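**Student:** Fold the stuff below for me.
(2 chains)
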Protein chains: 2
Amino acid sequence: MVNAKIISIGDEILIGQIINTNASFICNKLYSIGILAEKISTIGDSEEPLLAELDESVKNFDVTIITGGLGPTHDDLTKPVLIKFFKDVLITDEKVLEHIKLFFAKRNIKMPETNYEQALVPKNSRIIWNANGTAPGIWIEHNNKVFIALPGVPHETIAMVDNLVLDMLKEKFSVTMDYKLKSKTILTTGIGESVLAEIIGDVNLVIGDSKLAFLPSPYGVRLRIDVSGTDENECAQKILNIENKLKEKIGKYIYGENSDLLEKIVGEILLKKGFSVSTAESCTGGLISKRLTDISGSSNYFKGGVCTYSNESKLKLLGLNHELLIKFGAVSEDTAREMAVNVRLKFQTDIGISTTGIAGPSGGTIEKPVGLVWIGYSDKFKSFAKKFHFGDNRDIVRIRASQMSLEILRQELI
Amino acid sequence: MVNAKIISIGDEILIGQIINTNASFICNKLYSIGILAEKISTIGDSEEPLLAELDESVKNFDVTIITGGLGPTHDDLTKPVLIKFFKDVLITDEKVLEHIKLFFAKRNIKMPETNYEQALVPKNSRIIWNANGTAPGIWIEHNNKVFIALPGVPHETIAMVDNLVLDMLKEKFSVTMDYKLKSKTILTTGIGESVLAEIIGDVNLVIGDSKLAFLPSPYGVRLRIDVSGTDENECAQKILNIENKLKEKIGKYIYGENSDLLEKIVGEILLKKGFSVSTAESCTGGLISKRLTDISGSSNYFKGGVCTYSNESKLKLLGLNHELLIKFGAVSEDTAREMAVNVRLKFQTDIGISTTGIAGPSGGTIEKPVGLVWIGYSDKFKSFAKKFHFGDNRDIVRIRASQMSLEILRQELI
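**Tutor:** Below is the predicted model of the structure:
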């Protein structure tokens, strides 16, 4: 199997000024053609660490992709280090020079002297054309291993990888590209990582020689299945088998796959069933209606909502029962349920959902601690409220409350 | 100078499923206390590469911070590898175990067996308390070098670094920042990158030998000033000079600096002035109330809002004038202004703000294209609505509309 390493060069990454999105993009693209990145090394703009990385690459990696350090300034060291490492020399590529001159002419800018250096490339290399910038990419082969240098500017890198590098790699390694990788992510919510693991039980019985990764987030735990095989069919079949076993065990917690959004899935069901919904939000402050309306076309099923962030507004906007509110408090089963009922009637929708809770960091008591959230649901036939504890981080309490509200809606719809 | 390496663990990074934001965050924080990360190594969930990285760290780095691989599932290998490498054993930390038990008890969930393992820590280590999760951080010292293992879940990592790790490192290495580089970001909104550049004029007259980067986003253009100097004072003085020059030219567009949030700044002004606000949202669908309530303590000035996503709800919930709505349409100056007035009266707040527009991708006409948004404002003394065109990307239209609404609120408050 072809393996790869990414070397990201740039002091700005190491002081945390920018996030390394190039590496993530390249890894994803490599994976799509069956090449697995086994390492990303991010290093600064200096010679020694790059030499050390190249040394390691020669030993352990079929493909090494370097990004950054190809610019026209003094701190751009990729080319000098490459020729030093491979004992090569730099020569001017006339076509690249012409391209750079044209680049400046088009913009009516006098070409700075330093840009002549960008037309220099190692003698024993192929050019990877950079249509969007002045730094050409470089392809070097050494002992049947490939070394690729690309500029660090994301839109240049992305275009070069998409339009050229992937095809060049496919061609180069076609003989050994009989090994396929495939992955699928199953999305669950409403259940913690360890409880999920307990229900799934012995993972090996479920996945065999494949891999299963648990990826927790405030939206729920994602389960990524990674399989490998000799062809597409074998991979697809393996994934299907694992997926079916998982569905048997934890099906009720699964709401989607890969990049699915719960708000989109709920919207599709609402649309299909012809139901409308409205929201009454307290602790989530509009997050549920924001998420529902993130989806284009949501006006077909979402009629609107109220955000009642004070007791007065709960009374006035939703017409809650004053005595109930006083007796049980704003964060209570009765208030949550009545909010859902009343918002449904107010907006004349089929379904009403509501949240009331203590997002924190302040406002908690022993009886009603930070993280306590009541979620209400109401339709023509039934109305109820459920109690949750979502931890003590304000942002996460709100995200989890919105996610669980949408999940309750989904559960009731199916 | 104290140097550091970050080891990020996770197959999900290497297949490009997630972007490694933890590393960037940690590098930035280390830099702020004068520790320079010289390398970030991202590796998969398996034993060998982590052992190799630890080996390199022992030789070359004063501080090594590992993120990920501390969860309760089978693919979490950091602890087993650490004790193997340092020839240590795992023992149960009773305080951590108690914390984990409480974590589940609070949520009314039976604690799974696997979570007992999370209370296991290397015998020769210190605990880094994880208030937000069940996996404790680990601090190991070896030959005067420090090895830190943190969970991979970003909000847990962030809190642990901010609240504990930085202080522990400062104490250990008594680091003093060698202020060779300093940067500050000025936040603007309501003005495009090129217009901003035009107003600023010749950048060199403003910045001298320093750097100014334009970083556009849907929230506005951020201007990052990078200066260098021999000591802290020189850097601070340079930044101040540039900042003053910028403020002279573009002061009215500047709402904050660095990681400031407009919703937080608006909240602080509202609190100080003792004013309350309510929102009536159509195209933003709750995003403004969501952002206002992201801020803890917002219940002191935000009383609530309505999301009127249908004409019926605009009429019924906000009591809009039926004839006006028919005559001018939902997306109009009159509707926006009346929404702001009526929501202010409904919630009995000092200020009401509103949005009505066409977020797209559908629903646009020649007269009222996608991206058209009216933003309304109302207080005791005046009420108005302003017209904007926010492009044709649904998400960006909504973000820009919410940002401009908050900016109008800020402008009126100051």
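
**Student:** Where does the prediction get shaky in chain A?
**Tutor:** Applying pLDDT under 70 to chain A picks out residues A:73-75, A:107, A:175-179.

**Student:** How about the residues of the stretch 51-200 of chain A by chain B?
**Tutor:** By C-beta under 8 Å from any C-beta of the partner chain, the residues of the stretch 51-200 of chain A that approach chain B are A:Ser183, A:Thr185, A:Gly192, A:Glu193, A:Ser194, A:Val195, A:Ala197, A:Glu198. C-betas here are computed from N, CA, C, even on glycine.

**Student:** which among these gets closest to B:Ser259?
**Tutor:** Closest approach between those and B:Ser259, by C-beta to C-beta: A:Glu193, at 29.3 Å.

**Student:** show me what contacts the closest one?
**Tutor:** If you count contacts by C-beta atoms under 8 Å, 6 or more residues apart in numbering or on different chains, A:Glu193 has them with A:Phe214, A:Pro216, A:Val221, B:Gly71, B:Pro72, B:Thr73.

**Student:** for A:Leu270, same thing?
**Tutor:** A:Leu270 makes contact with A:Ser276, A:Val277, A:Tyr301, A:Leu413, according to C-beta under 8 Å, 6+ apart.

**Student:** Quick one: these as a markdown table, columns for distance to chain B and secondary structure too.
**Tutor:** As requested, the contacts of A:Leu270 are exported to a markdown table (distance: C-beta to the nearest C-beta, whole Å; DSSP: H, G, I helix; E, B strand; the rest coil):
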| residue | distance to chain B | secondary structure |
| --- | --- | --- |
| A:Ser276 | 9 | coil |
| A:Val277 | 10 | strand |
| A:Tyr301 | 10 | coil |
| A:Leu413 | 19 | helix |
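
**Student:** ChimeraX command to pick out the buried ones of those residues?
**Tutor:** Typed into ChimeraX, the line below selects the buried ones among these, using 16 or more other C-beta atoms under 10 Å in any protein chain shown:
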select /A:276,277,301,413
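
**Student:** Spatially central residue for chain A, please.
**Tutor:** A:Ser259 (7.8 Å; C-alpha atoms, centre = their mean).

**Student:** So that residue: helix, strand or coil?
**Tutor:** Secondary structure, DSSP: H, G, I helix; E, B strand; the rest coil: A:Ser259 is coil.

**Student:** Tell me which residues touch it, please.
**Tutor:** If you count contacts by C-beta under 8 Å, 6+ apart, A:Ser259 has none.

**Student:** what's the answer for the one 4 residues further on, then?
**Tutor:** By C-beta under 8 Å, 6+ apart, the contact set of A:Glu263 is A:Arg291, A:Leu292, A:Asp294, A:Ile295, A:Leu406.

**Student:** how many neighbours does the closest residue to it other than its chain neighbours have?
**Tutor:** Leaving aside its sequence neighbours, A:Glu263 sits nearest to A:Arg291 (C-beta to C-beta, 6 or more residues apart in numbering or on different chains; 4.3 Å). The tally of other residues near A:Arg291 (other C-beta atoms under 10 Å in any protein chain shown) stands at 27.

**Student:** do the same with A:Gln237
**Tutor:** Counted with other C-beta under 10 Å, A:Gln237 comes out at 13.

**Student:** quick one, what contacts it?
**Tutor:** Not one residue lies near A:Gln237 by C-beta under 8 Å, 6+ apart.

**Student:** Could you pull out the buried residues of the helix or strand where it lies?
**Tutor:** A:Gln237 belongs to helix A:232-250 when elements are defined using DSSP states H and E. For helix A:232-250, burial by neighbour count (16+ other C-beta under 10 Å) applies to A:Cys235, A:Lys238, A:Ile239, A:Asn241, A:Ile242, A:Glu243, A:Leu246, A:Ile250.

**Student:** Quick check, the third one in contact with A:Ile225.
**Tutor:** Yes. In this structure A:Ile239 lies within contact range of A:Ile225 using C-beta atoms under 8 Å: 5.6 Å.

**Student:** Spit out the residues that contact those two alike.
**Tutor:** Residues touching both A:Ile239 and A:Ile225 by C-beta under 8 Å, 6+ apart: A:Ser183, A:Lys184.

**Student:** Now for A:Leu212, how many residues are close by?
**Tutor:** The tally of other residues near A:Leu212 (other C-beta under 10 Å) stands at 21.

**Student:** Hmm, I typed the wrong one, I wanted A:Leu223.
**Tutor:** Around A:Leu223 there are 26 residues (other C-beta under 10 Å).

**Student:** That one touches A:Lys184, doesn't it?
**Tutor:** No. Counting by C-beta under 8 Å, A:Leu223 stays clear of A:Lys184, with 9.1 Å between them.

**Student:** What are the boundaries of the helices in the stretch 51-200 of chain A?
**Tutor:** A:78-86, A:94-106, A:154-160, A:166-172, A:193-200 (DSSP state H, counting those that start in this stretch).

**Student:** quick one, which of those is nearest to A:Ala23?
**Tutor:** Among the helices of the stretch 51-200 of chain A, the nearest to A:Ala23 by C-beta to C-beta is helix A:154-160 (9.9 Å).
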